[in-house]
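Student: Can you look at this prediction? I've put the sequence above it.
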Amino acid sequence: MSSFHGLGKALRWIRDKQGKKQYQVADDAGVTKAMLSAYETGKQKPSIDTLEKILGALHVDLADLFNALQIVNERTPLVRFDQRSGTVTAETDPAFSNASDVDIYRALGMQEALPPLKEEALTEMLGGFHKLLRYFHLSGNT
């Protein structure tokens with residue numbers, strides 16, 4: 001599956017969350033409303049330059065787009081913190097599309113075992129967070 005599978009749905013989801021109309025985003029991005037519609041429905045794919053303009057018109061960055069892609073594709077992101085470099089990275093694994101299947105050790109990049117109650121609590125927390133995001137996405141709440 002492409003990293004940008006669901007790009008159009010993600011762009012529309014971001015736009016809808018902001019309460020903006022297609023013509024507003026299209027005007028700000030310098031594209032036609034018809035072209036933005038084609039991008040949102042997946043009939044066309046924007047060039048990188050055009051995508052940057054649309055993201056600019058929506059006042060979001062690639063991280064926001066990544067998060068929207070995870071939500072519309074119903075995937076749980078795996079977030080890792082590298083203590084040596086101090087950087088946070090995120091990736092997705094289709095095997096974790098069901099919140100109850102979260103591998104807490106993989107999600108947190110941990111090697112050592114946690115006490116059973118802590119492992120269960122963290123797994124439920126991540127699963128619940130994913131369910132909350134899905135709820136907001138499906139219900140149209142912000």
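Tutor: Cool, the structure landed. Numbers count the residues shown, from 1 in each chain.
Student: for the chain, what are the low-confidence residue spans?
Tutor: Residue ranges of the chain with pLDDT under 70: 1-4, 75-110, 130-131, 133-142.
Student: again, 80 this time
Tutor: Scanning the chain for pLDDT under 80 picks out the ranges 1-5, 63, 70-71, 73-114, 119-142.
Student: Show me where it has its strands.
Tutor: Along the chain, the segments classed as strands by DSSP state E run 77-82, 87-92.
Student: Surely Tyr39 and Ile54 touch.
Tutor: Yes. Using Cβ atoms under 8 Å, Tyr39 is in contact with Ile54, at 7.2 Å. No exception for glycine: its C-beta is placed from N, CA and C like everyone else's.
Student: between the two, what contacts are shared?
Tutor: Counting by Cβ atoms under 8 Å, 6 or more residues apart in numbering, the shared contacts of Tyr39 and Ile54 are Leu11, Pro46.
Student: Dihedrals phi and psi, Pro115?
Tutor: Geometry field for Pro115 lists phi and psi as phi -60, psi 140, criterion degrees, to the nearest 10.
Student: and it, how many neighbours?
Tutor: Number of residues near Pro115 (other Cβ atoms under 10 Å) recorded here: 8.
Student: so who does it touch?
Tutor: Pro115 touches nothing, counting by Cβ under 8 Å, 6+ apart.
Student: mind checking how far it is from Gly127?
Tutor: The span separating Pro115 from Gly127 equals 18 Å under the rule Cβ to Cβ, to the nearest Å.
Student: Please apply the same query to Gln44.
Tutor: 36 Å.
Student: Between those two, point out the one with more neighbours.
Tutor: Gly127 (18 against 15).
Student: so Ala10 sits right up against Leu62, yeah?
Tutor: No. Ala10 sits out of contact with Leu62 when judged by Cβ under 8 Å, with a separation of 11.3 Å.
Student: So for those two, which residue has more residues nearby?
Tutor: A count of neighbours by other Cβ under 10 Å puts Ala10 above the other of Ala10 and Leu62, at 22 against 10.
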